[in-house]
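Chemist: Starting from these lines, generate the structure:
(one chain, ligands or ions: 1)
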Amino acid sequence: MPKVQCPDCERQIAMHELEAKTVAQSSGFDTHYRCPFCRTDVNNVTEHLV
Ligand SMILES: [Zn+2]
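Modeler: Below is the predicted model of the structure:
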């Protein structure tokens with residue numbers, strides 16, 4: 001199970017625990033993820049995989 005390390009609070013978050021928010025944009029849909037602990041936006045999730 002892949003985990004992501006929050007760049008702010010440095011907790012390890014399971015992928016399914018991330019808060020996902022899908023935003024409609026002119027080019028389509030973009031999904032943003034957020035740390036459930038400190039509410040920091042976690043962009044480029046793949047760069048923070050543990
Ligand atoms: Zn965090």
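Chemist: Kindly report the residues of the protein close to the ion.
Modeler: 6, 8-9, 35, 37-38, 40 (Cβ under 5 Å from the ion). Where C-beta positions appear, they are placed from N, C-alpha and C, glycine not excepted.
Chemist: who's in contact with the most centrally placed residue in the chain?
Modeler: Centroid-nearest residue in the chain, with Cα atoms, centre = their mean: Tyr33, separated by 3.1 Å. Applying Cβ atoms under 8 Å, 6 or more residues apart in numbering to Tyr33 gives the contacts 4, 18-21, 41-43, 45.
Chemist: Please verify my assumption that Thr40 contacts Asp8.
Modeler: Yes. Counting by Cβ atoms under 8 Å, Thr40 touches Asp8, with 4.0 Å between them.
Chemist: So Thr46 belongs to a helix, correct?
Modeler: Yes. The assignment for Thr46 (DSSP: H, G, I helix; E, B strand; the rest coil) places it in a helix.
Chemist: Pull the number of nearby residues for it.
Modeler: Applying other Cβ atoms under 10 Å, we find 7 residues neighbouring Thr46.
Chemist: How much space separates it from Val4?
Modeler: 9 Å (Cβ to Cβ, to the nearest Å).
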